[in-house]
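Visitor: Sharing a model that was predicted from the sequence below.
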Amino acid sequence: MTLTAQDKNEAGEAQAAGTEGTRLMTITVRVWRQPNAQAEGRMVAYEVPGVSEHMSFLEMMDVLNERLTLEGDDPIAFDHDCREGICGQCGVVIDGVAHGPQQTTTCQLHMRSFADGDTIDVEPWRADAFPVVKDLMVDRGAFDRIIQAGGYISAPTGTAPDAHASPIPKANSDHAFEAAACIGCGACVAACPNGSAMLFTAAKVTHLGLLPQGQPERHSRVLGMVAQHDEEGFGGCTNIGECTAVCPKEIPFETISRLNRDLYGALTHPNS
Ligand code: SF4
Ligand code: FES
């Protein structure tokens, strides 16, 4: 089935139906297309008319994919799930910045951040440890393996204890909560010139290491997770800070210092 230019315009405008006064734009997206992990990739340009400023970036991609499907073309593969900034699945590089021009997840980025006539480059995360699966999808299994190497506690679960049963200093609970906000999106890796996953690893080490339940495995956790980080091929941290600048959950840079302190303690006082 071949769509006319009018069909394409109507498809885009239909997305914005009922939104009087909504700014509609024509956007050109240049998207990384790569049929599979072995194939060579290339940037392919698509014009997308009738883009509402209220659409999320992924909704704009949905409109494009619907058209590609109707035209018999292969739709663009990209990861997504919650579309609420929670699951961490939707990461892509937009105009050279992980998740694009706002410090948020790609699903929470809206087209009002762009202007009519813009050309937007969309690429997958670029890191040796995140191989491309197809188009914009990368394999983030390396993160799962870092978690498996220590990102857990082995305290028996059961009935939830009273909230005040284990007193925790307020500062510790605040920092633990802050670190627990990491959604494992991988933007920190994509932004880091070294391809380091230290901000992610530090967030996981910190959120358990600051709580009483995380103490029994504190040393084995940091040793195991850092060893797995290195084994996966992520680079080392050289204090550049690009990771925290793009992190949609604003995990602070000093979280990496906490990891380094824990690592030093585990190496120098293994029995403490
Ligand atoms: S530290 Fe931030 S950027 Fe890195 S995986 Fe976690 S949420 Fe994503
Ligand atoms: S789709 Fe879940 S965070 Fe974007």
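Guide: Received it, and whenever you're ready, just let me know what you need. Ligands and ions are numbered 1, 2, ... in the order given.
Visitor: Enumerate the residues of this protein near ligand 1.
Guide: Taking C-beta under 6 Å from any ligand atom, the part of the chain that reaches ligand 1 is made up of 182-188, 199-200, 203, 247-249, 251. All C-beta spots, glycine's among them, are computed from the backbone N, C-alpha and C.
Visitor: how about a cut-off of 8 Å?
Guide: 88, 91, 98, 143, 181-189, 191, 197, 199-200, 202-203, 243-244, 246-251, 255 (C-beta under 8 Å from any ligand atom).
Visitor: State the number of residues packed around residue 236.
Guide: 11 (other C-beta atoms under 10 Å).
Visitor: OK, contacts around it?
Guide: By C-beta atoms under 8 Å, 6 or more residues apart in numbering, the contact set of residue 236 is 194, 196, 198, 230.
Visitor: cool, residue 31 as well?
Guide: 43, 44, 45, 46, 76, 122, 135, 136.
Visitor: Is the second one bridged to anything, and to what?
Guide: Going by DSSP bridges, residue 44 is paired in beta bridges with residue 31.
Visitor: all strands for the stretch 1-150 of the chain, in order.
Guide: 24-33, 42-52, 93-94, 97-98, 119-123, 132-134, 137-138 (DSSP state E, counting those that start in this stretch).
Visitor: can those strands go into CSV with extra columns for mean pLDDT and distance to residue 156?
Guide: Converted to CSV, the strands of the stretch 1-150 of the chain look like this (pLDDT from 0 to 100; distance: least, C-beta to C-beta, whole Å):
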stretch, mean pLDDT, distance to residue 156
strand 24-33, 98, 46
strand 42-52, 98, 51
strand 93-94, 98, 43
strand 97-98, 98, 39
strand 119-123, 98, 45
strand 132-134, 98, 38
strand 137-138, 98, 36
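Visitor: backbone phi and psi for the nearest residue to residue 218 once chain neighbours are set aside, please?
Guide: Distance criterion C-beta to C-beta, 6 or more residues apart in numbering; nearest residue to residue 218, sequence neighbours excluded, is residue 209 at 5.2 Å. Main-chain torsions, residue 209, degrees, to the nearest 10: phi -70, psi -20.
Visitor: and if you look at residue 199?
Guide: Dihedral angles for residue 199 - degrees, to the nearest 10 - are phi -70, psi -40.
Visitor: what about it, how many residues close to it?
Guide: 27.
Visitor: ditto for residue 250
Guide: 10.
Visitor: Kindly report the same for residue 176.
Guide: Applying other C-beta under 10 Å, I find that residue 176 has 17 neighbouring residues.
Visitor: Looks to me like it is in a helix.
Guide: Yes - under DSSP: H, G, I helix; E, B strand; the rest coil, residue 176 falls within a helix.
Visitor: Once you drop chain neighbours, what's closest to it?
Guide: Nearest to residue 176 is residue 210, by C-beta to C-beta, 6+ apart, at 4.2 Å.
Visitor: For that neighbour, which residues are in contact?
Guide: 172, 173, 175, 176, 179, 258.
Visitor: Now which of those would you call buried?
Guide: 175, 176, 179, 258 (16 or more other C-beta atoms under 10 Å).
Visitor: Touching, the first one and residue 205? I think so.
Guide: Read that as residue 175. No - using C-beta atoms under 8 Å, residue 175 makes no contact with residue 205, being 11.8 Å away.
Visitor: between these two, what contacts are shared?
Guide: Common neighbours of residue 175 and residue 205 (criterion: C-beta under 8 Å, 6+ apart): residue 258.
Visitor: For the most centrally placed residue in the chain, which residues are in contact?
Guide: Geometric centre of the chain, nearest residue: residue 185, 2.3 Å, by C-alpha atoms, centre = their mean. Applying C-beta under 8 Å, 6+ apart to residue 185 gives the contacts 88, 89, 90, 91, 99, 105, 248.
Visitor: Quick check: closest non-adjacent residue to the fourth one.
Guide: For residue 91, ignoring the flanking residues on the chain, the nearest one in space by C-beta to C-beta, 6+ apart is residue 185 at 4.8 Å.
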